[in-house]
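> build me a structure from this.
(2 chains)
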Number of protein chains: 2
Amino acid sequence: MQRVEAEIARLIQEIDYDEVTRLFSMLSGGKRLRAKLILKIAHEHEKAPLLAAIVELIHAASLLHDDVIDDAMTRRGVASVNATDGSKTAVMLGDILYSKGFTELVAFERDVAQTISASVTALSKGEMMDVIMAEEFNHDEEKYLDMLYLKTATLIEAAAKASALLVGKDADKHALYGRNLGLSFQIIDDILDITADEATLGKPAMNDYVEGKCTLPYIYLYEELNESDKERLISLHAKKITKEDTLWIKEMMEKHNSVAKSFVLAQKLSNEAQEVLKDDVELVDILETMIKRSY
Amino acid sequence: MQRVEAEIARLIQEIDYDEVTRLFSMLSGGKRLRAKLILKIAHEHEKAPLLAAIVELIHAASLLHDDVIDDAMTRRGVASVNATDGSKTAVMLGDILYSKGFTELVAFERDVAQTISASVTALSKGEMMDVIMAEEFNHDEEKYLDMLYLKTATLIEAAAKASALLVGKDADKHALYGRNLGLSFQIIDDILDITADEATLGKPAMNDYVEGKCTLPYIYLYEELNESDKERLISLHAKKITKEDTLWIKEMMEKHNSVAKSFVLAQKLSNEAQEVLKDDVELVDILETMIKRSY
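Here you go, the predicted structure:
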């Protein structure tokens, strides 16, 4: 990972603008999940650290714009650029990082460059779907999963596929692994928004629903409720929520196993990913660590 | 140009999201200067319309984000996406168009793809410089021209260079042509902000200075003023301006030939561009039409 960090630093340096260097240094790098995945799959390839650095720049750009779109004031526990320097700066910095990432992609074979760049169109589209879907209560599971795939799984899928292409490993299997890892990761995240406490999350619990996001547990809960409870659930959508209503939702979810059902899907997706790459101990390990996050 | 419009429509269709199709249809296509340039330079190449479509998507994306950053409520005489659908939608739509453009670039030779994508990093950097420079009065001509080059000339330069590369014409000469066309175009635009009336501009005259933008005529004026007038000019920077102060600036600019000096630079840049490609009647014609815009 040191080589990835060095590549990231080099690319930022190449942008040759103090303000960008300063702003970028304030971002938390996060877990670097995508970079680690690329290194694990393509470690023997000399350009793997560069590909990992590119994907991390693109990911950072998407988070910057994500925070603008969600009015998020914090990111990974630190104040967002949005909060410290304003949403306009976050838009501009995101554009610079996106385009620097795309420019560097040109050094790769066409299939690798195409895989990564197409995933960015998908993720921007997913971001737009997410915002539009938050405008009203959605209880369509398939529609939700389509959006989730675009918004949060495509870049991980692309990272896994592109690094497989780089070293001649099975691209389809790695793509499926990445897709399912991304989806189950996000489903666990959605669960934690309901089950974890405010201190752990660094934000109010059940914040997703307040922001209009009908994640899987809400969709599964809706399916089980009677008409009047359905109405009550919908009436709480995208609003500040009282302690009483929070408790009611949690009780209902408990009663109808809504969180457990969501976890079952995350587990199923994770199992599929494990199955397809069962000989790769390290990749299986990533999945297991991720799934365990929920408890 | 019909083939370019068809390519643009095809790319938008491929994004496969009704909301994007709807929003994109509301944008005014503008003059399509970059596309026309590409067709004129590389008309015999079968991929010229695709390259032109890509550059227009990228340009549209940059304008969407530009309007977010400048809080612009109109663009090319119609309401901006910013105004009709909010800045978040404008950010998301811009991201989708940028990434679709980049994805399609992968179909081109490396030098072509590299030329276009690197120019987007430059233009995003220029956008950031423009915003930062507007925070205080700037009287440094070189610094201003550096920013102008990045923000408004690099994509035109890249369009001219990339299309020359496509058909084996002289890349350096076409790059210089594009660069100077872009710079002189913008200088004329900056002049018109001062000399044209509100009806022609579709926005209040001298709006640039109110927004904090110290364009060339202001820089040249500053150089000629005595200390107390310098102070007066600086005191008016980035503020709502009275009719009296507007008149004073115009009188001072008249007295010190500030607009004329700016026009001389635009003319000089345009002449350089004409000189380097003097045998290409169509390209020379573009420059002449552009320069005549000012009267």
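
> and residue A:5, how many neighbours?
16 (other Cβ atoms under 10 Å in any protein chain shown). All C-beta spots, glycine's among them, are computed from the backbone N, C-alpha and C.

> now do the contacts for it.
residue A:29 (Cβ atoms under 8 Å, 6 or more residues apart in numbering or on different chains).

> wait, a helix at it?
Yes. Under DSSP: H, G, I helix; E, B strand; the rest coil, residue A:5 falls within a helix.

> model confidence over the host helix or strand of residue A:193, on average?
Counting by DSSP states H and E, the element that carries residue A:193 is helix A:171-195. For helix A:171-195, mean pLDDT rounds to 95.

> what residues sit buried inside it?
Residues A:171, A:173-195 are the ones in helix A:171-195 that count as buried (16 or more other Cβ atoms under 10 Å in any protein chain shown).

> who does it touch, helix- and strand-wise?
Helices and strands touching helix A:171-195, by 3 or more Cβ pairs under 8 Å, 6 or more residues apart in numbering or on different chains; DSSP states H and E, are helix A:33-42, helix A:141-148, helix A:154-167, helix A:198-201, helix A:207-210, helix A:216-224, helix A:258-276, helix A:281-292.

> can you tell which of those is closest to residue B:45?
helix A:154-167 (28.6 Å; Cβ to Cβ).

> what's the closest one packed up against?
Using 3+ Cβ pairs under 8 Å, 6+ apart, helix A:154-167 sits against helix A:33-42, helix A:48-70, helix A:110-133, helix A:171-195.

> tell me which parts of chain A are close to chain B?
A:15, A:17, A:19-20, A:62, A:65, A:68-69, A:87-89, A:91-96, A:98-100, A:102-103, A:105-107, A:110, A:113-114, A:117-118, A:120-121, A:124-125, A:127-129, A:131-132 (Cβ under 8 Å from any Cβ of the partner chain).

> just the buried residues out of the residues you listed, in ChimeraX syntax.
Filtering the residues of chain A next to chain B down to the buried ones (16+ other Cβ under 10 Å) takes a single ChimeraX command:
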select /A:15,17,19,20,62,65,68,69,87,88,89,91,92,93,94,95,96,98,99,100,102,103,105,106,113,114,117,118,120,121,124,125,127,128,129,131
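
> ok, now which ones touch the residue lying closest to residue A:257 once chain neighbours are set aside?
Leaving aside its sequence neighbours, residue A:257 sits nearest to residue A:220 (Cβ to Cβ, 6 or more residues apart in numbering or on different chains; 7.8 Å). By Cβ under 8 Å, 6+ apart, residue A:220 lies in contact with A:141, A:256, A:257, A:258, A:261, A:262.

> thought residue A:272 was touching residue A:180?
Yes. Contact criterion Cβ atoms under 8 Å: residue A:272 and residue A:180 qualify, at 5.4 Å.

> in contact with the closest residue in space to residue A:114 that isn't next to it in sequence: list those residues for me.
Using Cβ to Cβ, 6+ apart and skipping the chain neighbours, the partner closest in space to residue A:114 is residue B:106 (4.7 Å). By Cβ under 8 Å, 6+ apart, residue B:106 lies in contact with A:105, A:110, A:113, A:114, A:117, B:113.

> any chance of TSV for those residues, columns pLDDT and distance to residue B:231?
Shown next, in TSV, are the contacts of residue B:106 (pLDDT from 0 to 100; distance: Cβ to Cβ, whole Å):
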residue	pLDDT	distance to residue B:231
A:105	96	50
A:110	95	59
A:113	96	54
A:114	95	57
A:117	96	51
B:113	96	50
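
> among the residues you listed, which one lies nearest to residue A:225?
Of the contacts of residue B:106, the one sitting nearest to residue A:225 (Cβ to Cβ) turns out to be residue A:117, at 42.6 Å.

> distance check, residue A:283 against chain B.
Look at residue A:283 and chain B: by Cβ to the nearest Cβ, to the nearest Å, they are 27 Å apart.

> state the pLDDT value of the residue nearest to that residue when sequence neighbours are not counted.
What sits nearest to residue A:283 in space, not counting adjacent residues and going by Cβ to Cβ, 6+ apart, is residue A:277, at 5.1 Å. Note on residue A:277: pLDDT of 95.

> before we move on, what about residue A:129?
95.

> quick one: residues contacting residue A:176.
Residue A:176 touches A:272, A:273, A:276, counting by Cβ under 8 Å, 6+ apart.

> one more pass at 7 Å, please.
By Cβ atoms under 7 Å, 6 or more residues apart in numbering or on different chains, the contact set of residue A:176 is A:273, A:276.

> that one and residue A:292, how far apart?
In this view, residue A:176 and residue A:292 are 21 Å apart by Cβ to Cβ, to the nearest Å.

> cool, and residue A:227?
Residue A:227 is 38 Å from residue A:292, by Cβ to Cβ.

> where does the residue most central in space within chain A land on pLDDT?
By Cα atoms, centre = their mean, chain A has its centre lying nearest to residue A:152, at 3.8 Å. We have a pLDDT of 94 for residue A:152.

> you'd agree it is up against residue A:182?
Yes. The pair residue A:152 / residue A:182 is scored as a contact, 5.5 Å apart, by Cβ atoms under 7 Å.

> what sits against residue A:215?
Counted by Cβ under 7 Å, 6+ apart, residue A:215 has contacts A:190, A:193, A:208.

> gap between the two ends of stretch A:185-203?
19 Å (Cα to Cα, to the nearest Å).

> gap between that stretch and the chain center?
Stretch A:185-203 has its C-alpha centroid displaced from the chain centroid by 13 Å (Cα atoms, centre = their mean, to the nearest Å).

> now what about that stretch, what contacts it?
For stretch A:185-203, using Cβ under 7 Å, 6+ apart, the contacting residues are A:74, A:77, A:148, A:152-153, A:204-208, A:215-217, A:253, A:259, A:262-263, A:265-266, A:290-291, A:293-294.

> of those, select the buried ones using a PyMOL command.
Applying 16+ other Cβ under 10 Å to these leaves a buried subset, and the PyMOL line that selects it is:
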select buried, chain A and resi 148+152+153+205+206+208+215+216+217+253+259+262+263+265+266+290+291+294
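
> domain assignment for chain A?
What automatic domain parsing lists as the domains of chain A is A:1-107, A:110-295.

> out of the ones you listed, which is closest to residue B:8?
Using Cβ to Cβ, the domains of chain A put domain A:110-295 closest to residue B:8, at 15.1 Å.
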